[in-house]
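>>> Fold the following.
(chains A, B and C)
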Amino acid sequence: MRQSTAAASKLKSNDQQLSCVTNRIVAWYQGSPKKTANSKIVRSNGIDRSKDESELPASSRWRKISTGKWGPWQRTELTNPRTRSALTQKSRQIHLPRGGTVTIYPGLLSKTQRATLSQELLSSNLFRQYEIQGMPEPRVHFLLHEQATDEPEAPQPGYRYGSVRMKACPLRGLPKLCRLSKIVGKRAGVESWNIGVNPVFYRDGKDRIGAHADDDQGESCILSVIVASPIPLRRLLIQPKPTKIVDRTVLGTKQKGNKRLKLKTGNGDIVDDGVDEQHELRLGPGDAYCMDGEMQEHYVHSLPPDEHSKGSVEGRRIIVVFRSGTQKVFKKDSGKPCNLAALEPRPDLCFTFGNEIKDLREGDIYGGRQLRAMNAHRSTQRSVSGNKVMGCDAITVSRDREDDTFVRFSFAAETRVGGGSMLTSLQKGYPVRVFRTSALHNKYKAVAKKSGPKSKSNVYRYDGLYHIESAVEELGDKVNDVSLGLSNMINRKSEIIFRLCRSSENSVSSMRLLRRIVIERMTHSKVTSNNDLRKNCPKKIIVN
DNA sequence: TCCCCTATTGGTACTTTCTT
DNA sequence: AAGAAAGTACCAATAGGGGA
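Have a look, this model is predicted:
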């Protein structure tokens, strides 16, 4: 009884909180954009953007790949659509050089419509957080569909890209958006948004979307309506799609990688016109833009981060994306529902040096996600966590080095992949958290707990704090000691070999920890007491 | 105009996860 | 089994501003 009352009051307070958040956003949104009139944004390329904002702001620039220099941003020519009707009278088009069209519909929504729609979306409680490339996406969103039903377990129409699987909720649950969907469908000449209606919430200027094409489900029409936007406006960046087959050396440039832009001709040959292009669109609240299927073949688009509105509620941006293409059905949704905190701007990550991290215990096994959540190792895709200024707080060891004795080992890193931060830690005498991973082949390889979920991903064992003893730069035959403040002299591409030694600051001695690791590997259970250690420990430690 | 300092940006490497 | 990725953030190179 008591419990249910508590639950009820909790629900109520959640509701109140939600309406509080919603009201605040709506209030902010309805407020006049005071900043516009006076703020002057002069970009490094010398263009004064504030003049553009009252009109349709589209600009483009080009560069020759051979020279690498970008030309100035210039106003993009906007043409009237070929088909004129009452519905498209105000619209304008950009015809992209490599193929495809963007149609802009200025002022599609009134201020009142925007406010009520914002409220409907934010109070729907439907936003979800999805993960991609091992990280939460820097935005939250959800999918609606006119054919979706209320049964949560039943398969529903959906949308999938990368590892994100979105299962739609019924569109009729949000009546205002449902109405809008029909209006914009007419305007764009689309009978049904058969992939779905996708409201997206960028919580602040740090939230963003990387370069991508909407081409995973045969999209033929992608229409986005901007419901709310920070002022100054954020830019939508459009660039040619990178191709897969690339050899820069053949083409006489030094750079490696697959970024060079090439085009496919009609007969399948790959040609290269030697030119990069970029296009920017700065559309405001109430405006809409529509990308066609052909554009998705040749271009990617992105919403780059905006330092201006980072960490601030004023940086909120809400858009609704309507997609038509190939309808698919999904049984599962890969996202998690957002609580109220998840709708606030995400806080910056902070550094923690040393052992004082809650739930981090020497010898224990963790997943990569756990490490990031604990702030014990912050980087998904590099083994060194840290930066050149602050130093390195943690590393993961996943490459075998013959000299690893557990107490001491060496670790190689170029300055560009974290060697710089390790040099800082060496100079400051900071301890580094060391995690050995299951990717190792030597006897100190981390081994997943038997009881844990079956997964192909690596696991990480916390082996305690280590101090960096020395650093040498290897230059062919020469070896250069860089332990003392010479980091600026180092060739960024040469490897620096660091020697690390397990620190006496650790709560557990090296030998005791090593014994525990051995026993836990043998018994697949946790060693919790000294008694366990004495009882189970073999006389001679042999690890394999 | 040159120099020096700071801010911005473009290029890049990185791992896990998932698909083909 | 191979390969690509709707991401992250480091860091060098570059641009821009201010002072001499």
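>>> ok, how many other residues are close to A:D348?
8 (other C-beta atoms under 10 Å). Where C-beta positions appear, they are placed from N, C-alpha and C, glycine not excepted.
>>> That one - nearest residue in space that isn't next to it in sequence?
A:G311 (7.3 Å; C-beta to C-beta, 6 or more residues apart in numbering).
>>> Next: A:S163.
A:I132 (5.7 Å).
>>> That neighbour - how many residues pack around it?
Neighbour tally, A:I132, other C-beta under 10 Å: 14.
>>> residues contacting the closest residue to A:G354 other than its chain neighbours?
Leaving aside its sequence neighbours, A:G354 sits nearest to A:P431 (C-beta to C-beta, 6+ apart; 5.6 Å). A:P431 is in contact with A:F353, A:G354, A:N355, A:S425, A:L465, A:Y466, A:H467, A:S503, A:E505, counting by C-beta atoms under 8 Å, 6 or more residues apart in numbering.
>>> Pretty sure A:L143 is one of the things A:F127 touches, is it not?
No - if you go by C-beta atoms under 8 Å, A:F127 and A:L143 don't touch, sitting 10.9 Å apart.
>>> can you count the residues close to A:P199?
Here the count is done by other C-beta under 10 Å, and A:P199 has 25 residues near it.
>>> Same check on A:I226?
A:I226 - counted by other C-beta under 10 Å - has 22 other residues nearby.
>>> Hmm, it is touching A:L283, no?
Yes - using C-beta under 8 Å, A:I226 is in contact with A:L283, at 5.7 Å.
>>> Test my guess that the residue nearest to A:S163 contacts A:V164.
Yes - between A:I132 and A:V164 a contact is recorded at 5.8 Å, counting by C-beta under 8 Å.
>>> On the pLDDT front, check A:F322 for me.
A:F322 carries a pLDDT value of 97.
>>> typed the wrong thing, it's A:G368
pLDDT, A:G368: 86.
>>> before we move on, what about A:V417?
77.
>>> CA-only coordinates of the host helix or strand of A:A412, as CSV, when you get a sec.
Assigned by DSSP states H and E, A:A412 belongs to strand A:408-414. This file holds the C-alpha atoms of strand A:408-414, laid out as CSV (Å, rounded to 0.1, in the frame of the first residue of the first chain):
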residue,chain,number,x,y,z
ARG,A,408,56.3,-4.0,-15.8
PHE,A,409,55.6,-3.7,-19.5
SER,A,410,56.3,-1.4,-22.5
PHE,A,411,53.6,0.3,-24.5
ALA,A,412,54.0,2.0,-27.9
ALA,A,413,52.1,5.0,-29.0
GLU,A,414,52.5,7.7,-31.6
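>>> any bit of that strand sitting next to DNA strand C?
No - for strand A:408-414, no contact with DNA strand C is found by C-beta under 7 Å from any atom of the strand; the gap never falls below 8.2 Å.
>>> same thing with stretch A:438-454?
No - remark: stretch A:438-454 sits outside contact range of DNA strand C, by C-beta under 7 Å from any atom of the strand, the gap being at least 13.8 Å.
>>> distance between that stretch and the chain's centre?
The chain centroid and the centroid of stretch A:438-454 are separated by 28 Å under C-alpha atoms, centre = their mean, to the nearest Å.
>>> Mind checking what secondary structure the residue of chain A found nearest DNA strand C has?
In chain A, no residue comes nearer to DNA strand C than A:G210, which is 1.8 Å away by C-beta to the nearest atom of the strand. Under DSSP: H, G, I helix; E, B strand; the rest coil, A:G210 falls in the strand class.
>>> So it sits against A:Q239, correct?
No - using C-beta under 8 Å, A:G210 makes no contact with A:Q239, being 11.3 Å away.
>>> Residue in chain A with the shortest distance to DNA strand B?
For chain A, C-beta to the nearest atom of the strand, closest residue to DNA strand B: A:S457, 2.1 Å.
>>> A:F330 pairs with what?
A:Q156 (DSSP bridges).
>>> for it, what are its contacts?
Taking C-beta under 8 Å, 6+ apart, one finds A:P155, A:Q156, A:P157, A:G158, A:R160, A:R165, A:M166, A:K167 in contact with A:F330.
>>> show me which of those residues neighbour DNA strand B.
A:R160, A:R165.
>>> As TSV, the contacts of A:F330 with distance to DNA strand C would be great.
Shown next, in TSV, are the contacts of A:F330 (distance: C-beta to the nearest atom of the strand, whole Å):
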residue	distance to DNA strand C
A:P155	20
A:Q156	18
A:P157	15
A:G158	12
A:R160	8
A:R165	12
A:M166	9
A:K167	15
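>>> from the contacts of A:F330, which single one is nearest A:R203?
A:M166 (18.4 Å; C-beta to C-beta).
>>> Which secondary structure state does the closest one sit in?
Secondary structure for A:M166, judged by three-state DSSP, is strand.
>>> In stretch A:339-352, which residues are buried?
A:A342, A:L343, A:P345, A:T352 (16 or more other C-beta atoms under 10 Å).
>>> er, stretch A:136-143 I mean
A:P136, A:E137, A:P138, A:R139, A:V140, A:H141, A:F142, A:L143.
>>> Show me the subset of those that also lies near DNA strand C.
A:P136, A:E137, A:P138.
>>> per-residue confidence at A:R179?
97.
>>> Surely it is in a helix?
Yes - using three-state DSSP, the assignment for A:R179 is a helix.
>>> ok, stretch A:283-294 near DNA strand C or not?
No - under the criterion of C-beta under 7 Å from any atom of the strand, stretch A:283-294 makes no contact with DNA strand C; the nearest approach is 11.4 Å.
>>> Isn't A:G391 up against A:G418?
No - contact between A:G391 and A:G418 fails when scored by C-beta under 8 Å: they sit 10.7 Å apart.
>>> Just confirm A:V102 is within a helix.
No - counting by three-state DSSP, one finds A:V102 to be strand, located in no helix.
>>> Can you pull out the low-pLDDT segments for chain A?
A:1-56, A:65-68, A:82-89, A:243-274, A:450-455, A:475-477, A:484-493, A:523-544 (pLDDT under 70).
>>> domains of it?
Per automatic domain parsing, the domain ranges recorded for chain A read A:55-343, A:365-536.
>>> Nearest to A:D359, out of the ones you listed?
The nearest among the domains of chain A, by C-beta to C-beta, is domain A:365-536 at 6.1 Å.
>>> Same question for A:S302, what's its three-state structure.
Applying three-state DSSP: A:S302 is strand.
>>> How about it, nearest residue that isn't a chain neighbour?
A:A211 (4.2 Å).
>>> tell me which residues of the biggest strand by length in chain A are tucked away?
When chain A is parsed with DSSP state E, its longest strand is strand A:459-475. Across strand A:459-475, burial judged by 16+ other C-beta under 10 Å covers A:459-468, A:471-473.
>>> same check, this time on stretch A:151-165
A:Q156, A:P157, A:G158, A:Y159, A:V164, A:R165.
>>> One more: stretch A:276-291?
A:276-277, A:279-291.
>>> Quickly check those residues for the two that are furthest apart.
The farthest-apart pair in the buried residues of stretch A:276-291, when distances are taken by C-beta to C-beta, is A:D276 and A:G286, at 32.0 Å.
>>> And the strands in the stretch 401-544 of chain A?
Counting by DSSP state E, counting those that start in this stretch, the stretch 401-544 of chain A has strands at residues A:408-414, A:431-437, A:459-475, A:478-481, A:495-502.
>>> since we're on the residue nearest to A:I195 when sequence neighbours are not counted, how many residues are nearby?
With C-beta to C-beta, 6+ apart as the criterion, A:I195 has its nearest non-adjacent residue at 3.9 Å, and that residue is A:R323. As a burial measure, A:R323 scores 23 neighbours (other C-beta under 10 Å).
>>> is it fair to say A:R323 lies in a strand?
Yes - remark: A:R323 belongs to a strand, assigned using three-state DSSP.
>>> give the contact list for it.
A:R323 touches A:Y159, A:W193, A:I195, A:G196, A:V197, A:N198, A:D214, A:Q217, A:E219, A:C221, A:I222, A:L223, counting by C-beta under 8 Å, 6+ apart.
>>> mind running it again at 10 Å?
Contact analysis of A:R323 by C-beta atoms under 10 Å, 6 or more residues apart in numbering lists A:143, A:159, A:190, A:193-198, A:214, A:217-224, A:291.
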